[in-house]
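**Student:** My questions concern the predicted model and sequence given below.
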Amino acid sequence: MKYVSADRLSVTDLETARVLVVQQAMDPVSFDTKVASPARALCDALFGTGTRREVPADWVVNWHTRSLVPHAPTGSPSARPAVSDFFVNSPVGQMLRGITSEESYPDGGRLRYQPVDQANHPLHQDCMFHDPPRFFTIWIPAVPKGTTVNKDVPGLELFLPAVSRRLRMEREEPPTVCREDLAQFMTVKDDPDAFVRPELELGDVLMFRETVPHRSHIPATADAPRVSFDIRWALTGAQAA
């Protein structure tokens, strides 16, 4: 895993990275005002207070996974298209556009709410749910300024050793990687060093390849829920391995 500031990010970083944290990929003040703060308010109203207000017409809610997807991403006024546009127009997004084909563009993605008392997702790969051959998952925390993901609020943990194929799934909801299948990729069974838990703040972005196994992580120090976006960017035309 590599941490790199947005002003030092190179095309080579994007082409070769499996797990990459881009620090200050987006202006935190503008991002919070236009995207993150409204997203937190919506998720708190739907999932945090226990009072389910009416879901906006441009969203579809999954109560089981505490997530929302855009009903009509194109032209929708919701926060989801806003975050896609915000990322695309950032220096990182523009650099990514430069190594992919014209038709490559983020999908509608999801807005997620992760409480501190129950992990949303077991170990899985994003390629389990998507057919495009290669893509980046772009994971964007919508946390308040001064909050650190994987310290103050829940985050993700990712399996660092290289995995290049789709692993077998256990039939769960959501599905998870079979323990037997994952074990062969670990040098020592249940080795804690095989997993990384990147710390991010408002404006940072976590990017990882579609085959990277990952899951929710709730640190003992977390005392507040986390709201985050995740979008997929197909690497059509890119040279990423």
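**Tutor:** Ah, there it is.
**Student:** Residue ranges in the chain under the pLDDT threshold?
**Tutor:** Counting by pLDDT under 70, the chain shows low-confidence ranges at 50-52, 72-81, 101-105, 130-133, 172-174, 187-190, 236-241.
**Student:** Which residues are in contact with residue 27?
**Tutor:** If a contact means C-beta atoms under 8 Å, 6 or more residues apart in numbering, then residue 27 has residue 203 as its contacts. Every C-beta, even on glycine, is put in place using the N, C-alpha and C of the backbone.
**Student:** what about the strands in this structure?
**Tutor:** Taking DSSP state E as the test, the strands found in the chain are 2-5, 19-23, 59-62, 67-70, 110-114, 135-141, 155-159, 169-170, 176-177, 195-196, 205-209, 214-217, 226-234.
**Student:** Same list, these, but as JSON lines with mean neighbour count please.
**Tutor:** What follows is the strands of the chain, written out as JSON lines (neighbours: other C-beta atoms under 10 Å):
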{"stretch": "strand 2-5", "mean neighbour count": "14"}
{"stretch": "strand 19-23", "mean neighbour count": "20"}
{"stretch": "strand 59-62", "mean neighbour count": "16"}
{"stretch": "strand 67-70", "mean neighbour count": "21"}
{"stretch": "strand 110-114", "mean neighbour count": "23"}
{"stretch": "strand 135-141", "mean neighbour count": "25"}
{"stretch": "strand 155-159", "mean neighbour count": "23"}
{"stretch": "strand 169-170", "mean neighbour count": "14"}
{"stretch": "strand 176-177", "mean neighbour count": "22"}
{"stretch": "strand 195-196", "mean neighbour count": "18"}
{"stretch": "strand 205-209", "mean neighbour count": "23"}
{"stretch": "strand 214-217", "mean neighbour count": "19"}
{"stretch": "strand 226-234", "mean neighbour count": "23"}
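**Student:** Identify the bridge partners of the most centrally placed residue in the chain.
**Tutor:** Among the residues of the chain, the one closest to the centroid is residue 139, at 2.4 Å (C-alpha atoms, centre = their mean). Taking DSSP bridges as the rule, residue 139 bridges to residue 206, residue 230.
**Student:** cool, the one 10 residues further on as well?
**Tutor:** The bridge-partner assignment for residue 149, based on DSSP bridges, gives residue 153.
**Student:** do the same with the one 10 residues further on
**Tutor:** The residues listed as beta-bridge partners of residue 159 by DSSP bridges are residue 195.
**Student:** Enumerate the positions of stretch 10-29 that are buried.
**Tutor:** 13-14, 17-26, 28 (16 or more other C-beta atoms under 10 Å).
**Student:** State the pair within those residues that is farthest apart.
**Tutor:** With C-beta to C-beta as the measure, no two of the buried residues of stretch 10-29 lie farther apart than 18 and 28, at 25.7 Å.
**Student:** Which stretches in the protein count as helices?
**Tutor:** 11-16, 28-31, 37-43, 79-88, 91-99, 179-183 (DSSP state H).
**Student:** name the helices or strands packed onto the shortest one?
**Tutor:** By that I understand helix 28-31. Judged by 3 or more C-beta pairs under 8 Å, 6 or more residues apart in numbering; DSSP states H and E, helix 28-31 has no packing partners among the helices and strands.
**Student:** most tightly surrounded among the helices of the chain?
**Tutor:** Of all the helices of the chain, helix 79-88 carries the top mean neighbour count, a mean of 22, counting by mean count of other C-beta atoms under 10 Å.
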